[in-house]
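S.K.: Okay, here's the prediction I keep looking at, along with the sequence it came from:
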Number of protein chains: 2
Amino acid sequence: MHLDVAVAKTRKYATPESGDTIEMIERPGGGLSFVVVDGQRSGKSAKAISNIVARKAVSLLAEGVRDGAAARAAHDYLYTHRSGKVSATLNIVSVDLESRTLVLSRNNHCPAYVCLDGEFRVFDEPSQPVGVHRGTKPVIHELPLAPGTTVVIFTDGLTSAGERKGKPLDVPELLRELIGRQVTAETLAQTLLNRALIADDQRPADDISILVLSISALDQNDDTRWLKVSMPL
Amino acid sequence: MHLDVAVAKTRKYATPESGDTIEMIERPGGGLSFVVVDGQRSGKSAKAISNIVARKAVSLLAEGVRDGAAARAAHDYLYTHRSGKVSATLNIVSVDLESRTLVLSRNNHCPAYVCLDGEFRVFDEPSQPVGVHRGTKPVIHELPLAPGTTVVIFTDGLTSAGERKGKPLDVPELLRELIGRQVTAETLAQTLLNRALIADDQRPADDISILVLSISALDQNDDTRWLKVSMPL
């Protein structure tokens, strides 16, 4: 099997920086974890919040702490540090090579979408952001690592794109269409982002982060791992 | 300006896992840091060593600790933890948006290569690995963030490729040729890796990790940051 992950991140129009933070870390037992955090409000204050939440989560994951405990700890840390006054959404997506599962941990009102061999699933159980309510827990789903799996998670800048004009982006409809066409993780992320930018007239009303993960049966007979980063300076 | 980074990592033939660890972390003041660690020997024991060194370095960098201090701390940690008995090479490559510099920190006998507007520079000052000698320091170079800059760093599996057959890869010669052709960071990393695999008859004699960073003048008028990961499962 082969894993491909594509993450796109852009910022609210006319703000100096995105308030979203995305980090990736290698799991000590094998595999990778991605942490996606959207700090309350936007700009510098949001970035400071998302940074401490993401940092707490990745540092624990790097030590082998299980995803659910890392999400709870990130919540407790923000809740204690900022007296329950600021919130952040937190998604953790892990490819766990020890248990051979995909672990989706969600503290985000935005749903997570999973497509497994053509079957489209929406994970939209009620979920609280971290930071504001005592004892907040993540909603967790564990799926086998199987070829033909696509996972899409995002921050609310994607679903709110177009709202200004009364024409919000219909993310599930767009996803069903794209997944049917069997595009790559990168093309899927790029298309979602492009549609959001069009809906917002190229001036995003909020920070937008999109993570697409896909597992294919393709065995390239190649042991090489690749990491590629591209950003404006 | 635009930043592109490509990292390729493959493992020694017939070992269960690579002993190299590469992590990326966002700098709290803006920018990114990449940490490349090659643990002594290969396989599981090497991985355990490189994992703790990389984890220590990225967790400090994520808190805003300066690169030189993070490298010293990673050394001290390994030295204390393993009583000076195991070594690892450590490279930190940072794109620091606060100081607008590129910071190259090196605890590795392998040189770092930098090409700046066609001028080829070799950073090969004597440098000690971390973990074995009390008080080890990194060799640090700081360069302005300027278009036309390419940085290439790697672990010693690249330079030792082909040694088994008495025909080691001539990395600087290959780099001069490739940089003259103005290839992308990804193509440069891919070509270096391909040549190493050919030199080793597709059976790498050691773990190989290659990081290529390039800064171009290209302004794509696009605020999007991309992260892409690809690996066999």
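M.R.: Looks like it arrived, so ask away.

S.K.: quick one: the helices in chain A?
M.R.: Ranges of helices in chain A, per DSSP state H, are A:43-62, A:67-81, A:156-159, A:171-180, A:185-199.

S.K.: name the helices or strands packed onto the helix or strand of chain A with the lowest mean pLDDT?
M.R.: Lowest by mean pLDDT, DSSP states H and E among the helices and strands of chain A is helix A:171-180, with a mean of 90. Packing partners of helix A:171-180 (3 or more CB pairs under 8 Å, 6 or more residues apart in numbering or on different chains; DSSP states H and E): strand A:112-116, strand A:119-123, strand A:149-154, helix A:185-199. Using the backbone N, CA and C atoms, a C-beta is placed for each residue, glycine as well.

S.K.: ok now the second one, how far from the chain's centre?
M.R.: If you compare the mean C-alpha spot of strand A:119-123 with that of the full chain, they lie 16 Å apart, counting by CA atoms, centre = their mean, to the nearest Å.

S.K.: C-alpha coordinates for that strand, CSV please?
M.R.: Provided in CSV are the C-alpha atoms of strand A:119-123 (Å, rounded to 0.1, in the frame of the first residue of the first chain):
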residue,chain,number,x,y,z
GLU,A,119,-18.8,4.4,0.3
PHE,A,120,-19.0,7.9,1.5
ARG,A,121,-19.1,8.4,5.3
VAL,A,122,-19.6,11.6,7.3
PHE,A,123,-18.3,11.8,10.9
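
S.K.: buried ones in it?
M.R.: For strand A:119-123, a neighbour-count test (16 or more other CB atoms under 10 Å in any protein chain shown) marks residue A:123 as buried.

S.K.: quick check: angle from the least confident helix or strand of chain A to helix A:185-199?
M.R.: Computed with axes from the mean of the first three to the mean of the last three CA atoms, to 10 degrees, the direction of helix A:171-180 lies at 140 degrees from that of helix A:185-199.

S.K.: chain center to helix A:171-180, what's the gap?
M.R.: On the basis of CA atoms, centre = their mean, helix A:171-180 sits 17 Å off its chain's mean C-alpha point.

S.K.: circling back to that earlier point, can you tell me which of the helices and strands packed on helix A:171-180 is packed in deepest?
M.R.: Each of these was scored by mean neighbour count; the highest is strand A:149-154, a mean of 24, by mean count of other CB atoms under 10 Å in any protein chain shown.

S.K.: so, in contact with chain B or not, that one?
M.R.: No: Strand A:149-154 lies out of reach of chain B by CB under 8 Å from any CB of the partner chain, never closer than 10.7 Å.

S.K.: Run me through the strand neighbours of that strand, direction for each.
M.R.: Paired with strand A:149-154 in the same sheet, following DSSP bridges, are strand A:112-116 (antiparallel), strand A:208-216 (antiparallel).

S.K.: could the ones you listed go into TSV alongside distance to residue A:38 and mean pLDDT?
M.R.: Output for the strands paired with strand A:149-154, formatted as TSV (distance: least, CB to CB, whole Å; pLDDT from 0 to 100):
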stretch	distance to residue A:38	mean pLDDT
strand A:112-116	14	95
strand A:208-216	7	97
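
S.K.: Please produce TSV containing these, extended by distance to residue A:78.
M.R.: Output for the strands paired with strand A:149-154, formatted as TSV (distance: least, CB to CB, whole Å):
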stretch	distance to residue A:78
strand A:112-116	21
strand A:208-216	18
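
S.K.: Would you mind saying which of the ones you listed lies nearest residue A:100?
M.R.: With respect to residue A:100, and counting by CB to CB, the nearest of the strands paired with strand A:149-154 is strand A:208-216 at 11.2 Å.

S.K.: so how far is the closest one from its chain's centroid?
M.R.: Mean C-alpha position of strand A:208-216 versus that of the full chain (CA atoms, centre = their mean) differs by 8 Å.

S.K.: Turn the helices of chain A into a markdown table, including distance to residue A:218.
M.R.: A markdown table is the format used below for these (distance: least, CB to CB, whole Å):
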| stretch | distance to residue A:218 |
| --- | --- |
| helix A:43-62 | 27 |
| helix A:67-81 | 27 |
| helix A:156-159 | 28 |
| helix A:171-180 | 17 |
| helix A:185-199 | 13 |
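
S.K.: what's the angle from the least confident helix or strand of chain A to strand A:119-123?
M.R.: With the same axes, to 10 degrees applied, the angle from helix A:171-180 to strand A:119-123 works out at 150 degrees.

S.K.: sorry, back to before: out of the helices of chain A, which gets the lowest mean score?
M.R.: Among the helices of chain A, helix A:171-180 has the lowest mean pLDDT, at a mean of 90.

S.K.: now could you export just the CA positions of it as CSV?
M.R.: Only the C-alpha atoms of helix A:171-180 are listed here, as CSV (Å, rounded to 0.1, in the frame of the first residue of the first chain):
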residue,chain,number,x,y,z
VAL,A,171,-18.3,20.6,0.6
PRO,A,172,-19.9,17.1,0.7
GLU,A,173,-21.4,17.5,-2.8
LEU,A,174,-18.1,18.6,-4.1
LEU,A,175,-16.3,15.7,-2.4
ARG,A,176,-18.6,13.1,-3.7
GLU,A,177,-18.0,14.4,-7.2
LEU,A,178,-14.2,14.5,-6.8
ILE,A,179,-13.8,11.2,-5.1
GLY,A,180,-15.8,9.6,-7.8
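
S.K.: Now that helix: buried residues?
M.R.: For helix A:171-180, a neighbour-count test (16+ other CB under 10 Å) marks A:171, A:174, A:175, A:178, A:179 as buried.

S.K.: Just give the nearest non-adjacent residue to the second one, would you?
M.R.: Computed as CB to CB, 6 or more residues apart in numbering or on different chains, the closest residue to residue A:174 that is not its neighbour in sequence is residue A:195, at 6.1 Å.

S.K.: can you check residue A:64 too?
M.R.: Once flanking residues are discounted, residue A:64 sits nearest to residue A:28: 4.6 Å by CB to CB, 6+ apart.

S.K.: Is stretch A:87-106 in proximity to chain B?
M.R.: Yes: against chain B, stretch A:87-106 shows contacts by CB under 8 Å from any CB at A:95, A:97.

S.K.: Alpha carbons only: can I get that stretch in PDB?
M.R.: Taking C-alpha atoms only, stretch A:87-106 is exported to PDB below (Å, rounded to 0.1, in the frame of the first residue of the first chain):
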ATOM      1  CA  SER A  87     -11.100  28.000  22.200                       C
ATOM      2  CA  ALA A  88      -9.500  26.200  19.400                       C
ATOM      3  CA  THR A  89     -10.600  23.400  17.100                       C
ATOM      4  CA  LEU A  90      -8.300  20.300  17.100                       C
ATOM      5  CA  ASN A  91      -8.100  17.400  14.700                       C
ATOM      6  CA  ILE A  92      -5.500  14.700  14.900                       C
ATOM      7  CA  VAL A  93      -5.100  12.300  12.000                       C
ATOM      8  CA  SER A  94      -2.800   9.400  12.700                       C
ATOM      9  CA  VAL A  95      -1.400   6.600  10.500                       C
ATOM     10  CA  ASP A  96      -0.500   4.100  13.300                       C
ATOM     11  CA  LEU A  97       1.700   1.400  11.900                       C
ATOM     12  CA  GLU A  98       1.700  -0.400  15.300                       C
ATOM     13  CA  SER A  99      -2.000  -1.100  15.400                       C
ATOM     14  CA  ARG A 100      -2.300  -0.800  11.500                       C
ATOM     15  CA  THR A 101      -5.100   1.600  11.900                       C
ATOM     16  CA  LEU A 102      -6.100   5.200  10.900                       C
ATOM     17  CA  VAL A 103      -7.100   7.100  14.000                       C
ATOM     18  CA  LEU A 104      -9.300  10.200  13.500                       C
ATOM     19  CA  SER A 105      -9.600  12.400  16.600                       C
ATOM     20  CA  ARG A 106     -11.900  15.400  16.400                       C
END
